[in-house]
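Student: what follows is a predicted protein model with its sequence.
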Amino acid sequence: MRGVGPKRADALRERGLATLGDALAHLPRRYLDLRRRDSIAALREGLDAVVEGRLEGLTIRARRYGRFRSASRAWIRDAAGARLRVVWFNLPSYAEFPTDEPVLIVGRVAAAPEGGLQIVHPEVHRLAAGETPAIRPIYALPAGVPQRLFGELVAAALRCAPDDRLGAIPAEMRMRENLPGARAAFARLHLPPPDTDFAALADGATAAHHALALDEMFAFQLSLARDRIRSRARAGAALERKADGAAARFLAALPFRPTAAQLKVILEFDGELAATSQMNRLLLGDVGSGKTLIAFWAALRAAEAGWQAAIMAPTELLAEQHFRNFQQIAGGGCGYLSALLTASVAGAERARLLRALERGEIPIVFGTHALIQRSVRLARLGLAVIDEQHRFGVFDRARLLALGAQANVLLMTATPIPRSLALALFRNLDVSILDEMPPGRAPVATRVLREPASGEAYAAMRAEIAAGHRAYCVAPLIEDDEDGGGASVAALAKNLGRELPGARIGTMHGRMRAAEKERVMRDFRDGRLDAIAATTIIEVGIDVPEATVIVVTAAERYGLAQLHQLRGRVGRGGAPGRCFLIASANAGGPALARLETLARSSSGADVAHEDLRLRGPGDLFGSRQSGALALSFATFIRDPAIITRAADLAAEWLARDPKLESEASAGARFAIRKLLNSGFSLGDVG
Ligand code: ADP
Ligand code: MG
């Protein structure tokens, strides 16, 4: 593309924008309605303005050789007679602006150095020319890539993308179902026509949004269904039962009684593990519902039957925590060796461990991604457990299974999701649900505040830290971007520095290297830090019993289910947990009411239902899952029925073309490949 040199191409690639197809899928972050007219008198700093008027007092100073910066200026005067400064820097010498006709000025309002307001580098549209677009898309782009250039990229993509790469639903099915084609849907979202309902567009609720979501969900369901067929046909390790084996002894020796839900799930697994077919099961259970116990039991069940078990966690800290707990709880009585394999295990120790695993001398191994490196071989893998499975990609699981083709697979997640939806979304798996919390857990006291009345939250952080406890504080963005307004981790850390004098504060976010993140988390766990300012990355964190308070800023930006997960980080030790949800100053009444429902409810299932009712299932695919789940448009799903409909269409199509080899399946094949390449996650094994 003209205008995209190596530097811009790199910047775009870093944001996952490498092809024209990626550009198409990169929908505008927001839109500006150019049919709107703002009065100059009502403008405020930081807002986008659309002002109609005439340019006056234009002085163009073109850039001259040797001059650092030359400013050209004018006024825009609106119908009410008010005027506003507009400024351009370093214009080329041929620059011209129309001064004797009505124009539309579009840009971000800023404070002028000489006082008052101004717009720097506004767009100028000649109204008489009649070419002003109705709605202007605004994209989230890396620095150095102009909006206009990206718009041209998208327009080119819309022109030249081949039909069989746009849209997974085969054309005849799409027509029967009366769905718009993907090209038309993309066109409506990138270049919204004048008849667009702006509110629906801004809300992600147009027919075009739904069409893209359904199409993507169709591809997703196709791959789930195909996976189901494949895994049903696979033979699995049959783990023989022992009446008085280690697994049974483990349960008997626990310091507490397993909940009825835990026992029910264990019974379910027991039969399945003994059978000759491969187990492929997802265990869904709220944060703190006691999933780990089930994983430990299953691992012992494999060991006593003479097989090996591998338990994989997304972070080194979590793997370490599982390993330590296992040694503590099960170490003495159960008599099976276990080991920990992470990237930190190196040198001779690593070599020794790998040899022992390959010889089958260590029946139970805990670890991270290090478990699925090529150098690792297991003699007899009978059970593979993946904790916090939504953090892993498809190839991770495929590789874990490659360690033992017959291994029974247990995936565990705390994704709060109603049962019916879970069944639709995880069609390739059997689903077990832990729907009961261990007794005696005090709910986390939750308070909703609104900026600027957030003092109470910081006072609570100070008090908890003074009492020797630890605190989390969460912000939605890593860095302030054009829309940020202080909603970033960087801004938060600065603010905490003022609010918590003397406290040791760390920061953590997704763009840090894994080793750095681990270090911060470890410092926090071991008490070298008092507070962490972080993005939602901490939600799958470690159990830090000393953490007693969590403060979430800009809380209205999150789904309830996600806030519930975050809240689950505190109150895990003896001391009760507290959670403060701070809404932004401009958060509306409905947003606050939504947060209040969370303050009233402490059950993940209730929260999930409420979230589904209020926001639709789209949030399940939102920021929390992103990275793991490669669905880009599923966030637009408001109605769970879309998921079921996509599943039905997928089943129908697979019945006609089981291997997806026909010409009509070309789009579906391409879409599935794309999903897999980006490592889609939900429960796809093998
Ligand atoms: P999660 O499902 O979020 O992974 P964990 O397995 O980490 O939850 O369990 C949370 C805590 O509850 C742990 O400290 C665990 O020892 C404890 N626990 C698990 N089951 C029970 C039970 N039946 N009774 C009492 N405490 C339990
Ligand atoms: Mg857990």
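Tutor: Cool, the structure landed. Ligands and ions are numbered 1, 2, ... in the order given.
Student: can you give me the helices for the stretch 401-550 of the chain?
Tutor: 419-425, 455-466, 489-499, 514-525 (DSSP state H, counting those that start in this stretch).
Student: out of those helices, flag the one nearest ligand 1.
Tutor: Evaluated with Cβ to the nearest ligand atom, the helices of the stretch 401-550 of the chain place helix 514-525 nearest to ligand 1, the distance being 14.6 Å. For glycine as for every other residue, the C-beta is placed from the backbone atoms N, C-alpha and C.
Student: output the contacting helices and strands for that closest one.
Tutor: If you count contacts as 3 or more Cβ pairs under 8 Å, 6 or more residues apart in numbering; DSSP states H and E, helix 514-525 packs onto helix 316-334, strand 505-508, strand 531-534.
Student: among the ones you listed, which comes closest to ligand 1?
Tutor: helix 316-334 (7.4 Å).
Student: for that closest one, which helices and strands make contact with it?
Tutor: helix 246-253, helix 291-304, strand 308-312, strand 338-341, strand 364-367, helix 514-525.
Student: from those, which stretch is densest packed?
Tutor: strand 308-312 (a mean of 27; mean count of other Cβ atoms under 10 Å).
Student: what strands flank that strand, and is each parallel or antiparallel?
Tutor: Counting by DSSP bridges, the strands paired with strand 308-312 are strand 364-367 (parallel), strand 381-386 (parallel).
Student: that strand close to ligand 1?
Tutor: No: Strand 308-312 stays clear of ligand 1 (Cβ under 6 Å from any ligand atom), getting no nearer than 11.9 Å.
Student: got the angle for that strand vs helix 316-334?
Tutor: Counting by axes from the mean of the first three to the mean of the last three Cα atoms, to 10 degrees, strand 308-312 lies at 150 degrees to helix 316-334.
Student: can I get strand 308-312 as CSV, trimmed to CA atoms?
Tutor: Output of strand 308-312 as CSV, limited to C-alpha atoms (Å, rounded to 0.1, in the frame of the first residue of the first chain):
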residue,chain,number,x,y,z
GLN,A,308,1.4,-40.2,34.9
ALA,A,309,-0.5,-37.0,35.5
ALA,A,310,0.5,-33.5,34.3
ILE,A,311,-1.1,-30.4,35.7
MET,A,312,-0.5,-27.2,33.7
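Student: quick one: mean pLDDT for it?
Tutor: Mean pLDDT, strand 308-312: 96.
Student: report the angle between that strand and helix 291-304.
Tutor: 160 degrees.
Student: list the contacts of strand 308-312.
Tutor: For strand 308-312, the external contacting residues (Cβ atoms under 8 Å, 6 or more residues apart in numbering) are 295, 298-300, 302-303, 319, 322, 357, 360, 362-369, 371-372, 378-387, 392, 396, 400, 403-404, 407.
Student: PyMOL command for the buried members of those residues?
Tutor: Listed next is the PyMOL selection for buried residues among those, using 16 or more other Cβ atoms under 10 Å:
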select buried, resi 295+298+299+300+302+303+319+322+357+362+363+364+365+366+367+368+369+371+372+378+379+381+382+383+384+385+386+387+392+396+400+403+404+407
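Student: re the thing from before, could the helices and strands packed on helix 514-525 be laid out in JSON lines, adding distance to ligand 1 and mean pLDDT?
Tutor: What follows is the helices and strands packed on helix 514-525, written out as JSON lines (distance: least, Cβ to the nearest ligand atom, whole Å; pLDDT from 0 to 100):
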{"stretch": "helix 316-334", "distance to ligand 1": "7", "mean pLDDT": "79"}
{"stretch": "strand 505-508", "distance to ligand 1": "20", "mean pLDDT": "94"}
{"stretch": "strand 531-534", "distance to ligand 1": "19", "mean pLDDT": "94"}
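Student: could you list the low-confidence segments of the chain?
Tutor: 64-68, 330-333, 393-395, 480-486, 539-542, 615-630, 677-686 (pLDDT under 70).
Student: name the residues of it found near ligand 1, please.
Tutor: Residues of the chain lying near ligand 1 (Cβ under 6 Å from any ligand atom): 256, 258-259, 262, 285, 287-293, 414, 438.
Student: tell me the buried residues within those residues.
Tutor: Listed as buried from those are 258-259, 262, 285, 287, 289-293, 414; burial here means 16+ other Cβ under 10 Å.
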